[in-house]
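> Return atomic coordinates for the entry below.
(3 chains)
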Amino acid sequence: MSAVIEGASADAELRAAAERDAGFLRRLARQPLTVGSAAVLFLVVLAVVFAPLLSPSGPMEQDLLNIYALPSADHLLGTDQLGRDILSRMLHGGRVTLLGVVQATTVCTLIGMTLGLLAGTLQGGVEVLVMRVCDVLLAVPGLVLLLVVLAIFGQNETAAMITLGIIMSPTLIRVVYSATVAVREEPYVAGARVAGLNSRQIIMRHILPAVAGPALTQISLVAALACLVEAAIGFLGLGVVPPNPSWGNMVTDAQQAIVLAPWMLVPSGGIIAVVALSLTLIGNGIRDAYAGRASGSVSAYSWRALTPVVEREDRRPAPAEVKGVELETDRPAPVLSVKRLSLDLPRGRSHVRIVDGVSFDVGPGEALGIVGESGCGKSMTISGVLRVVPMGARVVAESIGFRGVELTTLGESEMNAVRGTGIAFISQEPISSLNPAFTVGHQLQEAVRLHRGTGRAESKAVAHDLMSRVRLPEAEVVGRKYPHELSGGMAQRIAIARALAGEPDLLVADEPTTALDVSVQAEILDLLRDLREQSGMALILVTHDWGVVAEACDRAMVMYAGEVVETAPVRDLVSNPHHPYTQALLRSSSVGAEPRQLLPVISGSVPAPGSWPTGCRFAARCGLVQDRCLTAPVPLVPTTGGVSARCVLVPSTLEAVR
Amino acid sequence: MLAVTRDRASGRRRTTWVVIAMCVALLTACGGEGNSSSSESAKSDTLTIALPGWTPESFDLPLNCSSPLFELAYEPLIRISESGDYAPGIAESWEYSEGNTVFTMTIREGVKFADGTDLTAQSVVDTLNYYKSTPGLNDGYLKPMTVKALGEGQVQVTYEEPFRGFESLFSSTQCNNGLVISAAGLKDPEKLKTDMFGAGPYIYVADESEPGDHYTFTPNPNYFEKSRQNWKKIVLRVIGDPNTAFNALATGEVQVDWTGGEALLAQAESKGFDVTEMAPWGAGIFVWDRDGEVSEPLADVRVRTAMALALDRENLAKAVGPATEPLDQFGLPGYVGADPDLPSKYTYDVEQAKKLMAEAGYADGFSVTMLVNSDDVESKNALIASVDQFAQIGVNVELKNAPETTFFTDIASKKYPLGAASWAILGDVPLNSNRLYKLPFSAVLNPFLSEDPDLEKAYAELQSADDATYEEAARQFNEVMTEKAWYIPLTYSPRFLYSKGVDIGESDANGNFDVPSWKPAD
Amino acid sequence: MLGVIVRRLLLAAPLMVIISLIVFVLGSLAPGSVAESMLGSSATPEAVRELNRQLGADQPVLVQYWSWLQRAVAGDLSSSIVSGRPVTELLAARLPVTLSLAVGALLLVIVIGVCSGMVAAVRGGFAGRVVEVLAVLVRGLPTFWLAMIAGVIFGVNLMWVPVSGYVPFGDSPSDWALSLALPVGVLAFGEAALVAIVTRAEMLAAMRSDYVRSLRANGYPWKRIVFKHIAKNAAGPVLTMISLVFVGLLGGTILMEQIFAMPGLGSQMVTSTANHDLPVIQGLAVFYTAMVVVVFLLTDVAHGLLNPKVMAR
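Numbering: from 1, shown residues only, chains lettered A, B, ... in the order given. Take a look at the predicted model:
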């Protein structure tokens, strides 16, 4: 398990997975705006390069009888103060401006790529030196240094544009550097190094492709900026000397005629805007394509999108193939009763199902473990219950009953009232689950104040009490610390204390011990059990660790590819697993295994959401697969003693299917 | 006497142009003396004037040319009158000697500097000696002169050669050498760069000024002529862009738009602004390298003439502005020395120009660099347009921009065979004759120190002319100068000053006004 | 906290030295000499040599730099060749204009940028799209062009604001504000979208973070999460962006002062550039850098206050 928080990263991971097949260029080509911009830019460059052939007249050729003319068939963009054809001047002026852009961009790219890669790969002194140089350059107001250079070298465009390239390089250096550092840490690069590739080969083969996206984005932005700055220099009269045209001094001409011929402002400023805009849009397109998303989809993200759409499915007759299948609900009045909960996440313009019709109950004081490999939808299931989901998600359920209240009918603010006081939550990464910007004491007191409506002093007392309940000594001292100053175990105790602040009936813990050392794990599990015994609070514990399940849970629910495959009391499940997946999971874990025994790994991987098979979802990895597993969905069928399983090999299921 | 003659000559043309109501100016001029008794309360609040971009940042008088800036704080020996003529300033009267080598001024009595010290004949002598000993734009005029005080009341200036330009030199029209500086200023010339030490009607207020952007003046309590203090405050604002200056006038941010701009004439009229025509500027190209030191072809008069012939002045004039006219001789029409009957020597004729080029051995043309004053907005279009026209005869002119501040240094560097500055040709021929030609006066605008026997002869006649022969001598000089093509005229444009609610007089031959006489319109 | 400031200051000093050295060495490469510029048309070779000797301009560049640096540390940035005014006096006279522009624009950028960024992050949808489109647009539009158009529309046609010039605050606060309205508006328009984009991105990143998930799952009201917990964490990167924007704004003031005829450091810089007035150019370049360094320093201090981890580093 990597340290990535499953819930928070699931959408990004899924997107990347879904679009991994489509290439970078293909994604780029799918963005109409980027393609359009590139086409416009290409046409402009082409026209400028072939200006002597294309322009209707010479750039200096004047027609003094026809000055300040508006656009006409003879002069498509009109004429200027000397009757010169504006289009011709624009095309020829572009040669100056675009040459400047090329010069500045080239210099910037050379410096940025070289220094960025060097700093990223060589590290040590080079890294420090390059970053210092960046600091120095970043502190220079660019236009000021440009003016200095222009003052010194006369009106030398090339000197100015080279200087501009240097001034703009630190941002590129930093982009390349951080991309290089990121990829340097990747295992495959380390592998390549072990395999004997030298630095140059590694850079060419592994680092450059990874750096290309961010670098290209930055370079096109640099080019856009260079275009604007070149024009500004020309506008200030410090660039090319009239009568030779440049886009900048054409704006100056237009400024001088602003009263007589306001039209001149349009083409002169317009062309600069068109080129700079195109370059910016191309940069954005590259960024989006590299990040693997469709252009502009970012605007779908917002706080508002965090609130899921909740649909309540009416209790409807079960489909034919699952007829007669009902979860056993013989135990009295569960704290939480979830019926047919599904969760969809957005992908592109549509949604993809992540959790598929999960039902379960949690009795008062009961501890339910949810087990499975990562990507099976465990975290998303509890996210769906809490309605704390990634952006743009949709929650569909027949019913989510909590202490007799139907949660699916609640609005967001009513639901929020349930969270914290009814159901509390702790997450996998204790340190990052706390706000890094506030002391833990503050955060704890804030939770107390929020949930109990107490005053400042009382909140503090309660917070101290909570800290002692989670066995944190020296509450005063610890309370003054920031999350990053705490150990993982201490932070998790704080997180638990915070969750207890609302005196919840149900605590949801999402892999609460995964990130902790083994000894600390045991302490936290002890703590959870004790707290449960003291308060009678129910617990849902998401984990992939059978040891944790065995230690802390009464019942367990095994999930695979978004659905429940087996649920049973923990003891039964460990001793007598019904589903082949459960069996495989147990085999691959150390519970009950001999020490130092090599654990078998389940071959293959969990099918990605959206590409679940029609039949049994585990079929592809199952050693006992049969033809009938593949044809139709397999229902979850209760057997005896509170056990349910979703496999045709389980006798009762067999019956049900027939 | 000379001034009167000149006025008649130039006035003919000017009166046809002047848009502002003359009678108002006359009325106020008559009433001027009577108003002197009126107290502070009669003064209007603030006059804000938009000045063109080349307004000096430094107050170093020798290195700067005429500007309202100095006119307000310094009283000149000889003043520009409201009607654009010479009028008594510190010098109550003046006269030329026989042969024009000695110039004697009678100094006004009882004048005090703004700092309260007395302005005496000795102050004038000290000031003129300061100008003489300090590097400056008019070095050529100043170095050869001898200055002495004749008793308490008179100052005498002596030249070895005849010189007819004393009034312009000692007025505030021909740069600043007539401005009298107090002892405090002369004692510490470094301070002259950042502050003003004059006896003018106003005092420069450094605290409320930002050189290069705006300059604030308040009345000088020690000034001897209260009628010339019509405002409680005068603010000069530098607004180089004609459109911005015009807009500032339209929105009332300024009352006078000196930046002007011929192109805006119709707009100004339609908005009901007062339009005052100023002395026209001739736009033209100086062929500095007549000896061919840097650009050999220019030594050949045929090449210079060919360049002059290659220009379609009628159309150039149209490009510059609606009131611009073609110029095909050295002198500006309407001014002393210009000759309306002189047959055009530069009629547009590309074939003839090509022929001359071929005869001179430059059938394939040549390349040459031209220094351009980038602050000289007026001539820009004409110059750029002419570059294209020179290309017709194979002369490839490259422009090199220099701002006003480095323009002179660049000229003196002798790197540029051609140059252009529209303000260098204005007003009368005699004025221009020594500026643009005669050694040693013309150190600045004749950088290669070229000489020519025919010009020398015409010049000598002009400078020693008496009142009877003066105009004819000037016409003669005009003709020779035109013949030699040392200067390629392009166009001449009237310049316009736009204003609202201020009575403006007439400008002098150089385009300067008597700013202190401006007063609120009724 | 003090440690951060001291460390930053220790880094800033060499930075200033390096920048001034670069400008100085570049300046010494310029054709012509100070003496030639000062003597103008009366520059004879002898006079130039003599003046150069007096000014110490015949010394090696590094020696000259050392003496310049010594004087600069003592607060003497020497004088303009053109106007003869001490550079420090020029700075003092023109700084208020540039600061009014830059700080005014910065405040507007912060208000507009942060607010619209937050709205986009919280509401998404249309607001998000508007911010995104604007960010692209303003990056592509030349500000000097926009400024001219704005001048014509608001200054000339509507006559809401003056078209040029600067009124000192002391003269009339309301006229001061009016004279700044156009340039500040144009400047801020250009940069606000960048801040908005970063604000939104940082807030969105925080919204996906583990601690926000935990806060939501424990029933914290959304306002408290967004405006307290997310805001404090997103503020750091936004501040960094704002400090970079300030550097950009300083460059922008040069253009605005030029277009709106304002007597700031930028218009002085342009004039001096055209005049080859090297002492002023050097002094201004160093001063601009100093302003940037100060802003970076303030940013670092703010970072320290916002994010305890910075202090721990």
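
> Please name the spatially closest residue to the residue in chain B positioned nearest to chain A (chain neighbours excluded).
Residue nearest to chain A within chain B: B:N315 (3.7 Å; Cβ to the nearest Cβ). For every residue, glycine as well, the C-beta is placed using N, CA and C. The spatial neighbour of B:N315 that comes closest, neighbours along the chain excluded (Cβ to Cβ, 6 or more residues apart in numbering or on different chains), is A:L64 at 3.7 Å.

> Also B:I49?
B:I49 sits nearest to B:V256 (Cβ to Cβ, 6+ apart), 4.3 Å away.

> OK, contacts around the closest residue to chain A within the stretch 151-300 of chain C?
Shortest the stretch 151-300 of chain C-to-chain A distance, computed as Cβ to the nearest Cβ: residue-wise this is C:G219, at 2.6 Å. Residues counted as contacts of C:G219 (Cβ atoms under 8 Å, 6 or more residues apart in numbering or on different chains) are A:N416, A:A417, A:V418, A:R419, A:G420, A:T421, A:A424, A:L450, A:H451, A:G502.

> Run through the residues of chain B sitting next to chain A.
B:241-243, B:246, B:263-264, B:267, B:312, B:315-316, B:318-319, B:374, B:377, B:380-381, B:384-385, B:387-388, B:391, B:398-401 (Cβ under 8 Å from any Cβ of the partner chain).

> Quick one: low-confidence residue ranges for the stretch 1-150 of chain B.
For the stretch 1-150 of chain B, the stretches with pLDDT under 70 are B:1-44.

> what about the strands in it?
Counting by DSSP state E, counting those that start in this stretch, the stretch 1-150 of chain B has strands at residues B:44-51, B:78-80, B:86-88, B:91-96, B:102-107, B:146-150.

> Switch those over to TSV; also include mean neighbour count.
TSV is the format used below for the strands of the stretch 1-150 of chain B (neighbours: other Cβ atoms under 10 Å in any protein chain shown):
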stretch	mean neighbour count
strand B:44-51	20
strand B:78-80	25
strand B:86-88	18
strand B:91-96	17
strand B:102-107	21
strand B:146-150	15
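
> Tell me if stretch A:82-90 is near chain B.
Yes - Stretch A:82-90 comes into contact with chain B (Cβ under 8 Å from any Cβ), by way of A:L82, A:G83.

> Run through who's touching that stretch.
A:51, A:55-67, A:69, A:75-80, A:243, A:245, A:247, A:250, A:264, A:267-268, A:271, B:319, B:381, B:384-385, B:388.

> And the residue of the stretch 51-200 of chain A found nearest chain C, what's its pLDDT?
Nearest to chain C in the stretch 51-200 of chain A, going by Cβ to the nearest Cβ, is A:L143, at a distance of 3.5 Å. At A:L143, the pLDDT value in this model is 76.

> Next one, pLDDT for B:L192 please.
B:L192 carries a pLDDT score of 89 in this model.

> which ones are touching it?
Contacts of B:L192 by Cβ under 8 Å, 6+ apart are B:F59, B:D60, B:L61, B:I181, B:G185.

> The first one: neighbour count?
Per other Cβ atoms under 10 Å in any protein chain shown, the neighbour tally for B:F59 reads 28.

> Run through the residues that contact it.
When contacts are counted by Cβ under 8 Å, 6+ apart, B:F59 is found next to B:L69, B:F70, B:L192, B:K193, B:T194, B:D195, B:M196, B:Y204, B:P211.
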